[in-house]
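> need coordinates for the following:
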Amino acid sequence: MTQLLRKIIFPTAGMGTRFLPATKATPKEMLTIVDKPLIQYGVEEALDAGMDEIVMVTGRGKRAIEDHFDISAELEANLHAAGKDELYQTVSRVARMADVAYIRQKQPLGLGHAVLCAAAWVGDECFGISLADELILSNDDGAMQQLRAVHEQTGASVIGLACVPKDEVNRYGIVKASHEGDLLRLQAMVEKPAVDDAPSDMAMIGRYIFTPRLFDLLREAKPSVGGEIQLTDAICKLAQEEPVYGVLIEGERFDAGNPYGFLLANAKLGLQHPDYGDALRTALKSLV
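I've put the predicted structure just below:
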């Protein structure tokens with residue numbers, strides 16, 4: 001019987017160098033898409049998928065993330081006293097939507113190391129991982145729910161995928177896969193391959209569900225150049241030992257960890273916003 005899946009890791013310790021100087025003092029996860037920080041979109045997606053035990057792997061300078069999901073009694077009292085009930089409800093909901101644990105990654109030793117920092121918190125359970133700077137908008141089931149459906153069917157590890165243009169494969173971890181009935185079983189992964197060496201156009205896009213065996217493989221992993229522990233290397237070994245499936249995520253994806261993707265996401269959600277959409281559309285037309 002498939003174990004109940006409730007735990008999810010958010011690695012948030014990265015320095016956000018693509019957004020400097022904005023991220024010199026502000027975590028990239030706290031950059032806002034319209035009026036909501038990136039990390040909140042990720043947490044809401046996880047909660048919609050039933051993953052309500054959340055751990056953030058943070059680093060130096062990330063205190064704003066903790067404050068965002070904490071109760072601000074003074075702010076709530078001021079909003080309530082001023083009769084700003086809608087804002088009060090919004091702020092209160094954010095603070096109470098989930099209980100979040102925090103673990104410090106003391107050295108920047110890669111994504112695999114960040115995930116390994118949360119091993120004691122996860123224990124011997126299956127768990128999710130979400131990279132908040134990958135914003136995925138879905139009309140129906142969210143990205144993590146789509147992965148969860150395959151995990152519940154198979155009990156195995158599942159990775160979110162998207163097809164990317166051939167000339168962009170060198171920016172991603174690219175998978176080699178074969179069909180197993182109506183499922184896509186992963187055979188190998190290559191981190192940022194040359195265009196001519198890529199095994200497919202299917203890229204890993206920051207949504208994962210893993211069995212706890214992944215932690216053993218991360219502990220055994222040898223650091224790559226720069227001393228980092230690579231998550232992709234551990235996934236490759238995991239796929240040689242047990243089934244790992246891929247899901248082509250249905251939804252619109254934005255790489256909001258870089259300024260161009262961030263601007264696109266703001267434009268998309270800004271135009272859809274009930275309060276600002278019409279005015280923004282008029283303003284954009286006048287600019288172009």
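> so where do the strands sit in the stretch 1-150 of the chain?
Ranges of strands in the stretch 1-150 of the chain, per DSSP state E, counting those that start in this stretch, are 7-11, 32-33, 36-37, 53-58, 99-104, 127-130, 134-137.
> what sits opposite Glu53 in the beta ladder?
In this entry, Glu53 is beta-bridged to Lys7, Asp99, by DSSP bridges.
> follow-up on the earlier one: mind giving me JSON lines with the strands of the stretch 1-150 of the chain and columns for mean pLDDT, mean neighbour count and distance to Ser72?
No exception for glycine: its C-beta is placed from N, CA and C like everyone else's. Output for the strands of the stretch 1-150 of the chain, formatted as JSON lines (pLDDT from 0 to 100; neighbours: other C-beta atoms under 10 Å; distance: least, C-beta to C-beta, whole Å):
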{"stretch": "strand 7-11", "mean pLDDT": "97", "mean neighbour count": "26", "distance to Ser72": "21"}
{"stretch": "strand 32-33", "mean pLDDT": "95", "mean neighbour count": "16", "distance to Ser72": "17"}
{"stretch": "strand 36-37", "mean pLDDT": "94", "mean neighbour count": "17", "distance to Ser72": "15"}
{"stretch": "strand 53-58", "mean pLDDT": "95", "mean neighbour count": "22", "distance to Ser72": "18"}
{"stretch": "strand 99-104", "mean pLDDT": "92", "mean neighbour count": "14", "distance to Ser72": "15"}
{"stretch": "strand 127-130", "mean pLDDT": "97", "mean neighbour count": "26", "distance to Ser72": "25"}
{"stretch": "strand 134-137", "mean pLDDT": "94", "mean neighbour count": "22", "distance to Ser72": "25"}
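> quick one: closest of the ones you listed to Ile235.
Nearest of the strands of the stretch 1-150 of the chain to Ile235, taken as C-beta to C-beta: strand 127-130 at 10.7 Å.
> need the residues that contact the strand or helix carrying Leu214.
Assigned by DSSP states H and E, Leu214 falls within helix 213-220. Helix 213-220 has contacts (C-beta atoms under 8 Å, 6 or more residues apart in numbering) with 112-113, 115-116, 119, 122, 157, 229, 231, 234-235, 237-238, 241-242.
> redo that, cut-off 10 Å
Residues outside helix 213-220 that contact it (C-beta atoms under 10 Å, 6 or more residues apart in numbering): 110-120, 122-124, 126-127, 129, 157, 208, 210, 229-231, 233-238, 240-242, 244.
> could you flag which of those residues are buried?
Listed as buried from the contacts of helix 213-220 are 110-119, 122, 126-127, 129, 157, 208, 210, 229-231, 233-236, 238, 244; burial here means 16 or more other C-beta atoms under 10 Å.
> so which of the contacts of helix 213-220 are in helices?
Cross-referencing these against helices under DSSP state H gives 111-116, 119-120, 122, 231, 233-238, 240-241.
> quick check: beta-bridge partners of the closest residue to Leu184 other than its chain neighbours?
In this structure, Leu184 finds its nearest non-sequential neighbour in Gly246, 4.4 Å apart by C-beta to C-beta, 6 or more residues apart in numbering. Counting by DSSP bridges, Gly246 is bridged to Ile159, Leu184.
> tell me the contacts of the closest residue to Leu131 other than its chain neighbours?
Nearest residue to Leu131 in three dimensions, chain neighbours excluded: Gly206, at 3.2 Å (C-beta to C-beta, 6+ apart). With contact set as C-beta under 10 Å, 6+ apart, Gly206 has these partners: 11, 42, 111, 129-136, 143, 159-160, 162, 172-173, 249, 253, 255, 257.
> make sure Gly206 is indeed in a strand.
Yes - assigned with DSSP: H, G, I helix; E, B strand; the rest coil, Gly206 falls within a strand.
> quick one: low-confidence ranges for the stretch 101-250 of the chain?
Counting by pLDDT under 70, the stretch 101-250 of the chain contains no low-confidence range.
> any idea of the pLDDT on Gln3?
Per-residue confidence (pLDDT) for Gln3: 58.
> with Leu263 instead?
Leu263 is assigned a predicted lDDT (pLDDT) of 96.
> coming back round to it: correct me if wrong: the residue nearest to Leu184 contacts Val150.
Yes - here Gly246 reaches Val150: they are 8.7 Å apart, a contact under C-beta atoms under 10 Å.
> shared neighbours of these two, which are they?
157-159, 183-184.
> good, we can wrap up now.
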